[in-house]
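>>> return a 3D structure for these sequence lines:
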Amino acid sequence: MLQLKYFSFDLAFQYPFTIAKGTKTHQPTLITALRLGNVAGFGEAPAINYYNVTVPQMIETLEAKRAMIERYALTDPPRFWHFLHHLIPGQHFLTAALDIAGWDLFAQMRRQPLHQLLGLKWDGPPLTDYTIGIDTLPEMAAKMAAHPWPVYKIKVARPDDIDLLRGLRTHTDAPFRVDANEGWGLDDAKRLLPELHALNVTLLEQPLSREHNEAMPELKALSPILLYADESCRTEDEVIKCAAGFDGINIKLTKCGGITPALRMIKQARELGLKVMMGSMNESTIGAAAVANMWPLLDVMDADGPLLLRQDVAQGLTYDNGAVTLSGGNGLGVKFTGLRDSV
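Next up is the predicted model:
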């Protein structure tokens with residue numbers, strides 16, 4: 001019989017983290033643990049306020065559904081996801097945490113790393129970007145100097161933030177991936193595309209609001225830069241809606257509901273000719289390890305959550321100048337440690 005446990009943390013960022021949707025100094029996160037005998041699998045769901053997800057809400061649901069979850073016979077992770085999908089409908093973040101824990105537990109029971117269980121050949125180490133949140137130019141440049149990296153993800157909000165990109169370009173030759181988090185309008189995006197290209201921006205993520213998806217095909221036709229959907233592609237039913245206006249999609253495990261639906265989204269994206277990125281929601285090493293295990297299925301990886309946090313709750317990933325290495329252990333390959341300061 002499964003045993004369910006959970007742990008709540010409020011993890012401090014190394015720097016205040018600002019994107020188009022606001023600033024935060026800590027990342028609330030829920031860690032779920034599913035134990036069967038002497039083996040425990042772990043999952044994670046960071047709470048994101050602009051998706052109206054909080055840790056107390058997730059805990060309340062877990063307690064209400066604890067008995068049914070613990071009675072479930074885990075013999076197949078996709079079936080477990082299907083069970084959760086009906087047990088807690090619409091709660092994608094919590095479903096993701098439990099789904100990831102289920103995959104971790106199942107892979108450990110099979111004595112295999114998760115990527116091996118999925119039939120993937122992990123030819124690492126892949127590269128992850130390092131994200132620079134919005135700040136003054138001197139502060140952003142100082143963060144970049146403190147974290148030399150082969151590729152950066154730069155957060156922007158307003159069209160005038162092109163000035164920040166111009167200034168940062170004088171500090172590094174590394175490629176930029178720019179994430180506007182829905183902050184621009186169509187005319188501004190069209191105007192900025194040539195300069196973004198000149199600044200060696202290789203990827204532009206979600207320039208327009210998801211409410212303006214109908215304008216994206218026009219932008220795509222003009223763009224010399226790959227355009228990736230993020231907010232426009234939260235769940236698997238939205239993949240097909242992005243095919244006309246984007247070159248790729250950025251899958252977030254928390255938003256789509258976990259590894260199980262993410263695998264379906266990747267398959268669908270490939271059938272539609274879309275590239276695939278998997279991104280971070282500022283997860284600890286537990287959530288980042290789930291992403292890293294899926295690297296062989298991806299074109300681009302954004303698994304820098306543990307790098308942005310001053311605190312972590314697990315061990316199992318190594319970062320070396322952008323390269324990510326798994327521990328080699330079974331399941332996610334992580335060891336839950338509880339709260340500790342990052343090294």
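
>>> I'd guessed residue 14 sits against residue 308; true?
Yes - counting by Cβ atoms under 8 Å, residue 14 does reach residue 308; the two are 6.2 Å apart. The way it works is simple: take the backbone N, C-alpha and C, and place the C-beta from them, glycine included.

>>> who has more neighbours, these two?
Neighbour tally, residue 14 and residue 308, criterion other Cβ atoms under 10 Å: the higher count belongs to residue 308, 22 against 14.

>>> which residues touch the residue nearest to residue 46 when sequence neighbours are not counted?
In space, residue 46 comes closest to residue 29 once its chain neighbours are excluded; the distance is 4.4 Å by Cβ to Cβ, 6 or more residues apart in numbering. Contact analysis of residue 29 by Cβ atoms under 8 Å, 6 or more residues apart in numbering lists 8-11, 44-47, 55, 283-284, 287, 313.

>>> so residue 29 sits in a strand?
Yes - assigned with DSSP: H, G, I helix; E, B strand; the rest coil, residue 29 falls within a strand.

>>> so it versus residue 208, what's the distance?
Distance, residue 29 to residue 208, by Cβ to Cβ, to the nearest Å: 29 Å.

>>> about what we covered before: bridging residues for the residue nearest to residue 46?
Note on residue 29: beta-bridge partners by DSSP bridges are residue 9, residue 46.

>>> low-confidence bits of the stretch 101-250 of the chain, can you list those?
By pLDDT under 70, the stretch 101-250 of the chain has no low-scoring segment.

>>> secondary structure class for the residue nearest the centre of the chain?
Of all residues in the chain, the one closest to the mean position by Cα atoms, centre = their mean is residue 280, 2.4 Å from it. What three-state DSSP gives for residue 280 is coil.

>>> pretty sure residue 153 belongs to a strand, no?
Yes - secondary structure of residue 153 (three-state DSSP): part of a strand.

>>> tally of neighbours for it?
For residue 153, the count of nearby residues is 22 (other Cβ under 10 Å).

>>> go ahead and confirm it touches residue 128.
No - assessed by Cβ under 8 Å, residue 153 is found out of contact with residue 128, at 9.1 Å.

>>> shared neighbours, the two?
With Cβ under 8 Å, 6+ apart as the test, residue 153 and residue 128 both reach 302, 304.

>>> domain ranges for the protein?
What the record gives for the chain is the domain set 3-115, 117-332, from automatic domain parsing.

>>> between the two ends of the last one, what distance do you get?
End-to-end distance of domain 117-332: 11 Å, with Cα to Cα, to the nearest Å as the criterion.

>>> again with stretch 321-335
Separation of the first and last residues of stretch 321-335 by Cα to Cα is 23 Å.

>>> swap in stretch 121-132?
Calculated as Cα to Cα, the first-to-last residue distance of stretch 121-132 is 31 Å.

>>> what's that stretch in contact with?
So stretch 121-132 is contacted by 113, 115-116, 140, 143-144, 147, 149-155, 168, 177, 179, 280, 292-293, 295-296, 298, 301-304, 307-308, 319-320, 322-326 (Cβ under 8 Å, 6+ apart).

>>> tell me where the stretch 151-300 of the chain has helices.
162-169, 186-198, 216-222, 253-256, 259-271, 285-293 (DSSP state H, counting those that start in this stretch).

>>> using PDB, write out every CA atom in the fifth one.
As requested, C-alpha coordinates have been extracted for helix 259-271 and formatted as PDB (Å, rounded to 0.1, in the frame of the first residue of the first chain):
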ATOM      1  CA  ILE A 259       5.600  13.600 -17.200                       C
ATOM      2  CA  THR A 260       2.700  11.500 -18.500                       C
ATOM      3  CA  PRO A 261       1.000  14.300 -20.500                       C
ATOM      4  CA  ALA A 262       4.300  15.900 -21.400                       C
ATOM      5  CA  LEU A 263       5.200  12.700 -23.300                       C
ATOM      6  CA  ARG A 264       2.000  13.000 -25.300                       C
ATOM      7  CA  MET A 265       2.600  16.700 -25.900                       C
ATOM      8  CA  ILE A 266       6.100  15.900 -27.300                       C
ATOM      9  CA  LYS A 267       4.800  13.300 -29.600                       C
ATOM     10  CA  GLN A 268       2.100  15.600 -30.900                       C
ATOM     11  CA  ALA A 269       4.500  18.500 -31.300                       C
ATOM     12  CA  ARG A 270       6.800  16.300 -33.400                       C
ATOM     13  CA  GLU A 271       3.900  15.200 -35.600                       C
END
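
>>> having no further points to raise, I will conclude here.
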